[in-house]
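Peer 1: the sequence and its predicted three-dimensional model are supplied below.
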Amino acid sequence: MILYHGSNVAVKEPKIIISDRKLDFGTGFYLTSDFDQAKRWAVLTTDRRKSGVPVISVYTFNNSAMDILKVKLFQKPDSEWLKYAAWNRNDPNAADDYDLVAGPVANDKTSPVLAAYFAGIYDEDETIKRLMPEKLKDQYALKTQAALDNLEFSKVIYVR
């Protein structure tokens, strides 16, 4: 499977870096199967950091590893996905033993809905109802070295 990582620098040797960023699937190296989403992230990251240039690092992931690794796949933004994302975003000690977690990623339209849920304005049912019509792109969080070992760097694409 081809996966993309958008950033302000080329990432030929991905690493899992512990940070204080509150991400949907916790600490990990994040990718997507959607080129346009990776492009948006590359531009956004470059603008935020005010350094580098928008670049997409392209990888091949060994699909057969999905049978060996501990994987959690969310098919849609459902109750389980929402609870998992909320847990990772709100609990500074959130940790699990998954090697790879994949599923929907919030976009600019859905971020306010999730923020309202996290603030207690929307309950779970209302949040999911508001998310379902959106065509959310995907995200893959490679959370362990075992997952990264199945990722092979292919090339770099500079974008703007």
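Peer 2: All right, it came through fine.
Peer 1: can you tell me the centre-most residue of the protein?
Peer 2: Gln139 (3.7 Å; CA atoms, centre = their mean).
Peer 1: contact partners for the most far-flung residue of the chain relative to its centre?
Peer 2: For the chain, the residue at maximal distance from the C-alpha centroid (CA atoms, centre = their mean) is Ile121, at 24.7 Å. Neighbour list for Ile121: empty [criterion: CB atoms under 8 Å, 6 or more residues apart in numbering]. Just so you know, the C-beta spots here come from the backbone N, C-alpha and C atoms, and that holds for glycine as well.
Peer 1: thinking again about what came up before, next up, phi/psi of the nearest residue to the residue nearest to the centre of the chain once chain neighbours are set aside, please.
Peer 2: Spatially, and ignoring its direct neighbours in sequence, Gln139 is nearest to Val105 (3.9 Å; CB to CB, 6 or more residues apart in numbering). Dihedral pair for Val105: phi -120, psi 140, per degrees, to the nearest 10.
Peer 1: Asn62 versus Val105, what's the distance?
Peer 2: Shown here: Val105 relative to Asn62, a distance of 22 Å by CB to CB, to the nearest Å.
Peer 1: pick out whichever of those two has more residues nearby.
Peer 2: Ranked by neighbour count (other CB atoms under 10 Å), Val105 and Asn62 place Val105 first, with 22 against 14.
Peer 1: residues touching the more buried one, list them.
Peer 2: Asp24, Thr32, Gln37, Leu136, Lys137, Asp138, Gln139.
Peer 1: please repeat the previous calculation with a cut-off of 7 Å.
Peer 2: Asp24, Leu136, Lys137, Asp138, Gln139 (CB atoms under 7 Å, 6 or more residues apart in numbering).
Peer 1: ok, Thr127 next?
Peer 2: With CB under 7 Å, 6+ apart, Thr127 has these contacts: Leu82, Val113, Tyr117.
Peer 1: flag the least confident of those.
Peer 2: For those, the weakest pLDDT value sits at Val113, with 88.
Peer 1: pretty sure that residue is in a helix, no?
Peer 2: Yes. Applying DSSP: H, G, I helix; E, B strand; the rest coil, one finds Val113 inside a helix.
Peer 1: okay, now it: neighbour count?
Peer 2: For Val113, using other CB under 10 Å, the count is 20.
Peer 1: secondary structure element holding the residue nearest to it when sequence neighbours are not counted?
Peer 2: Distances taken as CB to CB, 6+ apart place Arg130 nearest to Val113, at 4.7 Å, with adjacent residues excluded. Element membership of Arg130, judged by DSSP states H and E, is helix 124-131.
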